[in-house]
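Asks: Need coordinates for the below:
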Amino acid sequence: FAVARAVHDRYHASRRNPWNEVECGDHYARSMASYGVYLAACGFEYDGPRGHLGFAPKLSPDNFKCAFTSAEGWGSYAQKVQAGKLHAEINLHHGRLRLKTMSFALAEGAAASTVIARRNKVEVRAELAVSGLRAIITFAEDLHLTAESTLQVILT
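Replies: Below is the predicted model of the structure:
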């Protein structure tokens, strides 16, 4: 955020052209430069061919929500941590999304030993593996989400 603020201040409209940030590739690159900061703050990871989606929010991980895009769709991701449980939800608003695995960041000192996954309120089989502060969910079968689909994952 400090770097984004410094670039913004350097190219403030009162001083020079705010749409010509030389450090960001010159001429109209500003929106993509800030998108990199957004992805980093969300801890977003996506690999379409592998069917992988992951989040490790850097801001307010106990109560977090963001938008995301994939190769064939877009939606929102939300997570809440309550009483030691991570409640995560993906809402696909447009297009489609194939998932085989997901990953989540665990808080320092948190432990996860079980996973419950539901697509559109119907439970789906999933396995949980924990490596350090990272939980990796592998679905028994590829999940195919379409517009207005919801996927809920609860880690306890």
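
Asks: low-confidence ranges in this structure?
Replies: Residue ranges of the chain with pLDDT under 70: 16-33.

Asks: Can you name every helix or strand that the helix or strand hosting Ala129 contacts?
Replies: Here Ala129 is covered by strand 126-131, with elements defined by DSSP states H and E. The contact analysis (3 or more Cβ pairs under 8 Å, 6 or more residues apart in numbering; DSSP states H and E) places strand 126-131 against strand 115-119, strand 134-146. The way it works is simple: take the backbone N, C-alpha and C, and place the C-beta from them, glycine included.

Asks: Now the last one: buried residues?
Replies: The one in question is strand 134-146. By 16 or more other Cβ atoms under 10 Å, the buried positions in strand 134-146 come out as 135-137, 139, 143, 145.

Asks: What are the buried residues along the next helix or strand after it?
Replies: Counting by DSSP H and E, the next helix or strand C-terminal to strand 134-146 is strand 149-155. Under the neighbour-count criterion of 16+ other Cβ under 10 Å, strand 149-155 has 149, 151-153, 155 buried.

Asks: Give me the contact list for strand 149-155.
Replies: For strand 149-155, contacts defined as Cβ atoms under 8 Å, 6 or more residues apart in numbering pick out 85-92, 97, 99, 102, 104, 106, 112, 114-121, 126, 128, 135, 137, 143, 145.

Asks: rewinding a little: okay, the buried residues of strand 134-146 in TSV with distance to Leu39 next?
Replies: Formatted as TSV, the buried residues of strand 134-146 follow (distance: Cβ to Cβ, whole Å):
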residue	distance to Leu39
Ala135	20
Ile136	20
Ile137	21
Phe139	24
Leu143	23
Leu145	20
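
Asks: Pick out the most distant pair among these.
Replies: The span of the buried residues of strand 134-146, defined through Cβ to Cβ, is set by Ala135 and Leu145 at 19.7 Å.

Asks: Return the member of the buried residues of strand 134-146 nearest to Cys66.
Replies: Nearest to Cys66 among the buried residues of strand 134-146, with distances taken as Cβ to Cβ, is Leu145, at 16.8 Å.

Asks: For that closest one, give me its contacts.
Replies: For Leu145, the contact set (Cβ under 8 Å, 6+ apart) comprises 73, 90, 92, 96-99, 119, 151.
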